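> Below is the sequence, then the predicted model.
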Amino acid sequence: MVEELTAPPVPSRLLSAAQVYVMAAMCLAAGLAVGYLGRGPQTIPSSTQTATKAASPSSPHSFPMNAQNAKVPTLEDMKRMADKQSAPLLEKLKSDPNNGELLAQVGAFYHASHQFKEAVAYYERAVQIEPRSMAFRTRLASSLYRSGDVDGAIAQLNKALRYDPKDANALFNLGMIRLQGKQDGNGAVAAWQQLLKSNPQLGADRKAEVQKLMANVLTSLGNQHQTEGALKQ
C-alpha cells in the first residue's frame, strides 16, 4: 500500500508566497500519485516494494554512488525495474486487453518509477475502458501533471468532477495543481472550499490540513495585493 499524503506542518508564523508554493510542491510530490482524502491510499501490487529494496545496500543491483556514498537508482534503472515488474501484468493483458484494473496497475508501476509518460499511456487506456472511474482519472491527472501537462491534468480532474462533484481526492488535487502548476491561489482555495463543503464526514485532521493550506494561500494573496498596491503608489 502506498501511504496517504500527509501535508507538511505549517509554521506558526505567516508564510510568504514562496513558502506557500514550496509547501504545495511538497504535497504534490508526496501525494498526487495516490488518493488523499476520499478512498484512502492507492493500492499498487506488492512487487513494487522491490523498487525501493533495489536502492538498499543489500540489493544485488549496482547503482551509481552519490556524494553521500549512497546507492541511488537512475531513471534508466527505475524504468528497467518498472518494465520487469509490469511484465507479468502485460502478459495477462494479452488475453484480457480490456481489463482496466490491470492497466491501472501497470500505470502505477511506471508512475512510481518516475516514468510518467508511460504511466499516462496506461492510465488513458484504463480510463477509456472505465470512463466513470474516479480513481483512474485522478491517477491519470497525477501522471499528466508530473509529465509536465498541467492543462491536461486539470482537464481530467474537471471531467472526474462531472461524474462526482464531491470527490475529495479530485478536489484536493485540483487545488494543488492550480496552485503549483498555474500559480492560481484563488482557484486552489475555491477547490478546497468545495472539498470541505461537500465532504462534512472528513476527519478533523484532514480538515485541519486543508484549512491550513487555505489560510496560508489566502495570507499570501493578501500580502501580494498589499505589495502590488504599494508599488502603484
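That came through fine.
> List the contacts of residue 152.
By C-beta atoms under 8 Å, 6 or more residues apart in numbering, the contact list for residue 152 reads 141, 144. All C-beta atoms are positioned from the backbone trio N, CA, C, and that covers glycine.
> Can you pull out the low-pLDDT segments for this protein?
For the chain, applying pLDDT under 70 flags the ranges 1-70, 224-233.
> Going by residue numbers, what spans are strands in it?
Along the chain, counting by DSSP state E, no stretch forms strands.
> all helices of it, in order?
All helices of the chain, identified by DSSP state H, fall at 17-31, 49-53, 75-95, 100-112, 116-129, 134-147, 150-163, 168-182, 185-198, 204-232.
> what packs against the third one?
Counting contacts by 3 or more C-beta pairs under 8 Å, 6 or more residues apart in numbering; DSSP states H and E, helix 75-95 packs against helix 49-53, helix 100-112.
> One more: the fifth one?
Identification of packing neighbours for helix 116-129 by 3+ C-beta pairs under 8 Å, 6+ apart yields helix 100-112, helix 134-147.
> Columns distance to residue 200 and mean neighbour count on top of the ones you listed, output as JSON lines?
What follows is the helices and strands packed on helix 116-129, written out as JSON lines (distance: least, C-beta to C-beta, whole Å; neighbours: other C-beta atoms under 10 Å):
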{"stretch": "helix 100-112", "distance to residue 200": "29", "mean neighbour count": "24"}
{"stretch": "helix 134-147", "distance to residue 200": "19", "mean neighbour count": "26"}
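> how about those helices in a markdown table, adding distance to residue 168?
As requested, the helices and strands packed on helix 116-129 are exported to a markdown table (distance: least, C-beta to C-beta, whole Å):
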| stretch | distance to residue 168 |
| --- | --- |
| helix 100-112 | 19 |
| helix 134-147 | 10 |
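> What about residue 181, how many residues nearby?
Using other C-beta atoms under 10 Å, residue 181 has 18 other residues around it.
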